[in-house]
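S.K.: below are the sequence and a predicted model for it; my questions follow.
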Amino acid sequence: MYIGRFAPSPTGPLHAGSLVAALASWQDARQHGGQWLVRIEDVDTPRCIAGADKDILQQLATCGLQSDAPVLYQSSRNLAYQHALDTLVAKGWAYPCACSRKDIEDVQGERVRHSAAVYPGTCRDGLKGKPARAWRLNVSQVLHDLKLSTPWQWQDRRLGTQTQDLAQEVGDFVLKRADGLWAYQLAVVVDDGFQGITHVVRGEDLADNTPRQMLLQQALGLSTPIYMHTPLVLGEDGEKLSKQNGAQALDLSDPSAALNQAAWVLGLPRR
Ligand code: GLU
């Protein structure tokens, strides 16, 4: 049984890029005779905008895209995330971290400007009397204990074989943030597992999160969905369209025109 999902963050209404991901996931579910679920990813509360969830659901409905099951809100899932963190802690795979962003940058010095910040592992062996701020996954420990080979290799239905050296390129990533909020990686994995998601179809900008999510699935004993990452819609500046760079809200005065535009990005026939 195919179960797919579209999982927008309610940080604003859908834009042309998010409609592409929505349409791709819906179309793939329909093609497989499967279910399509909508999940509102509202864990990052400082970035959420009141009412954006309703706007997104309304925009989807205008396009004829309706969840096959009641919409799941991540804000209702605290207990499940806490349970997952407790499980990881009990296995010795998650640890508290006292570092501020500045502490991490101080250790990394110049490097951080040219590459993504990889946590240097300062608190892996204890907090040395400092108060815990965040919780991190001990990536090397999980890889070692589960005898997983590195670098991580995985198949994307569109991008083909992908590799990422989790320990070197990503490091011990955050599960619960210093501000007490659940990190996207933990929430998405717990919920994909809870909802029995078999296929993830989402924008290509999220592709490099996949090995982190696959590792967490293994650590939590969850099955791994099949992944496909769809093309991004680029703005005039060649940057990905996002709510952050002020991508315009979708013009849905003519829903079929908007859907045809999204279908064109995906190389699907227009209707
Ligand atoms: N909520 C994430 C976003 O809007 C997408 C999560 C996912 O599809 O895995 O960027």
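M.R.: Cool, got the structure. Residues are numbered from 1 along each chain as shown.
S.K.: surely Leu268 and Asp28 touch.
M.R.: No. Counting by C-beta atoms under 8 Å, Leu268 does not reach Asp28; the two are 10.5 Å apart. From N, CA and C alone the C-beta is placed, and that goes for glycine too.
S.K.: if you count what's nearby, which of those two comes out ahead?
M.R.: More neighbours surround Asp28 than the other of Leu268 and Asp28, with 21 against 14 (other C-beta atoms under 10 Å).
S.K.: so the more buried one, which of the three states?
M.R.: Three-state secondary structure (criterion: DSSP: H, G, I helix; E, B strand; the rest coil) places Asp28 in helix.
S.K.: kindly report the same for Leu252.
M.R.: For Leu252, the secondary-structure state derived from three-state DSSP is coil.
S.K.: from Ala61, how far out is it?
M.R.: Summarising the geometry, the distance separating Leu252 from Ala61, computed by C-beta to C-beta, to the nearest Å, is 10 Å.
S.K.: more crowded one of the two?
M.R.: Leu252 (18 against 12).
S.K.: ok, that one touching Cys63?
M.R.: Yes. With contact defined as C-beta under 8 Å, Leu252 and Cys63 form a contacting pair (7.1 Å).
S.K.: list residues touching both of the two?
M.R.: Taking C-beta atoms under 8 Å, 6 or more residues apart in numbering as the contact criterion, the residues that touch both Leu252 and Cys63 are Ala258.
S.K.: for this protein, where's the lowest mean pLDDT among helices and strands?
M.R.: helix 111-114 (a mean of 48; mean pLDDT, DSSP states H and E).
S.K.: any idea how far the residue of the chain most remote from its centre is from the ligand?
M.R.: In the chain, the greatest distance from the average C-alpha position (C-alpha atoms, centre = their mean) is reached by Gly129, at 33.0 Å. From Gly129 across to the ligand, the span is 37 Å (C-beta to the nearest ligand atom, to the nearest Å).
S.K.: which SS class is that residue?
M.R.: Gly129 ends up coil, using three-state DSSP.
S.K.: repeat for Pro96
M.R.: Counting by three-state DSSP, the backbone at Pro96 sits in strand.
S.K.: that one reaches Trp135, doesn't it?
M.R.: Yes. With contact defined as C-beta under 8 Å, Pro96 counts as touching Trp135 (5.7 Å).
S.K.: so where is the stretch 51-200 of the chain shaky, pLDDT-wise?
M.R.: The model of the stretch 51-200 of the chain has pLDDT under 70 over residues 108-116.
S.K.: where's the residue of it found nearest the ligand, which helix or strand?
M.R.: Of all residues in the stretch 51-200 of the chain, Val188 sits closest to the ligand, at 4.9 Å by C-beta to the nearest ligand atom. Assessed by DSSP states H and E, Val188 sits inside helix 184-194.
S.K.: who in the stretch 151-271 of the chain is up against the ligand?
M.R.: Residues of the stretch 151-271 of the chain lying close to the ligand (C-beta under 6 Å from any ligand atom) are Val188, Arg202, Leu206.
S.K.: and the first one, how far from Ser9?
M.R.: Separation of Val188 from Ser9 (C-beta to C-beta): 10 Å.
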